[in-house]
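Asks: Structure for this input, please:
(one chain, ligands or ions: 1)
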Amino acid sequence: MADTQKFYSVPSLDKVSKPELLRALESSLASSFSSDQICCAPNPLIIVISGPSGVGKDAVIKRLREVRENLHFVVTATSRGIRPGEVDGKDYYFVSKEEFLSMVEKDELVEYAVVYGDYKGIPKKQIREFMAKGCDIVLRVDIQGAETLRKTLGDSGVFIFLVAESELALVERLIERKTESKEELLVRIATGREEVKFVKRFDYVVVNAHGKLEEAVNLVGSIIDAEKAKVRQRTPFI
Ligand SMILES: Nc1ncnc2c1ncn2[C@@H]1O[C@H](COP(=O)(O)OP(=O)(O)OP(=O)(O)O)[C@@H](O)[C@H]1O
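Replies: Numbers count the residues shown, from 1 in each chain. Coordinates of the predicted model:
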């Protein structure tokens, strides 16, 4: 009965202006409407992108950075030599083996590994700094690195495994890149065969098919969007 009375105290919708109607609704409910945000801002994410050598991790991340804002790509420190077209401090921090080992000793890396004879590791400082600014963090690691990060981050990170459409496509991509010797090619291909088995430990798998880089990037973007819309947010801590 009381509810029906409240309903009658609200004027007909076509007789009053929007502000008048709002006031009438507020007074019927005996409380004003809040303009506060209903949901809190989503937590920053740590997105781990991994996959076999030559699958397109760098290519996907490069494009992702062009199309998405508020994303920080952590620059990995490596003791490997610089490849043509790579820029120190942008693609990697190129350091000597000695410098790298000193970073390990000072516990400055969240994860590090020897990859095809070279050290690669992720500096903690950068992750903390950019998460504090509200940025999502993208980490590019090989499968060993993803394994270590899973142990550190548990379910608080988003783990994405990139695959090519077929083994043949992956090998062709590596050959066309022309950055490995035939010995290095063999090692990467053999390792890649084993690495595909690790897909089960990831949260998502994304196919980066030949000529379809944009589709792979869009899917990664959709994964990030869906993660940000989750009711139970991941809360990464480094
Ligand atoms: N969807 C695609 N279609 C065609 N070529 C691609 C695609 N994605 C990447 N490539 C090309 O394949 C080669 C390997 O890609 P990229 O260097 O990004 O792989 P990666 O996974 O980062 O390799 P690594 O782990 O050895 O550094 C590059 O020459 C890149 O331009």
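Asks: For stretch 91-111, buried residues please.
Replies: The neighbour-count check on stretch 91-111 (16 or more other Cβ atoms under 10 Å) flags Asp91, Tyr92, Tyr93, Phe94, Val95, Phe100, Met103, Leu109, Val110, Glu111 as buried. Glycine gets a C-beta too; all of them are placed from N, C-alpha and C.
Asks: same question, stretch 30-46
Replies: Neighbour count says stretch 30-46 has Asn43, Pro44, Leu45, Ile46 buried, by 16+ other Cβ under 10 Å.
Asks: Inside helices: which ones of the buried residues of stretch 91-111?
Replies: Phe100, Met103 (DSSP state H).
Asks: Point out the least confident one among the buried residues of stretch 91-111.
Replies: Taking the buried residues of stretch 91-111 together, the minimum pLDDT is found at Asp91 (86).
Asks: What residues does it make contact with?
Replies: Counting by Cβ atoms under 8 Å, 6 or more residues apart in numbering, Asp91 touches Asp58, Val75.
Asks: Give me the neighbour count for Val55.
Replies: Neighbourhood size, Val55 [other Cβ atoms under 10 Å]: 26.
Asks: no, scratch that, I was asking about Tyr116
Replies: 13.
Asks: Is it in contact with Leu186, as I believe?
Replies: No - using Cβ atoms under 8 Å, Tyr116 is not in contact with Leu186, being 11.3 Å away.
Asks: Make sure Phe237 is actually in contact with Gly157.
Replies: No - contact criterion Cβ under 8 Å: Phe237 and Gly157 do not qualify, at 10.3 Å.
Asks: Settle it for me: which of the two has more neighbours?
Replies: Gly157 (21 against 10).
Asks: Not counting residues beside it along the chain, what's closest to that one?
Replies: The shortest distance from Gly157 to any non-neighbouring residue, by Cβ to Cβ, 6 or more residues apart in numbering, is to Ile46 (4.4 Å).
Asks: Brilliant, that's me finished.
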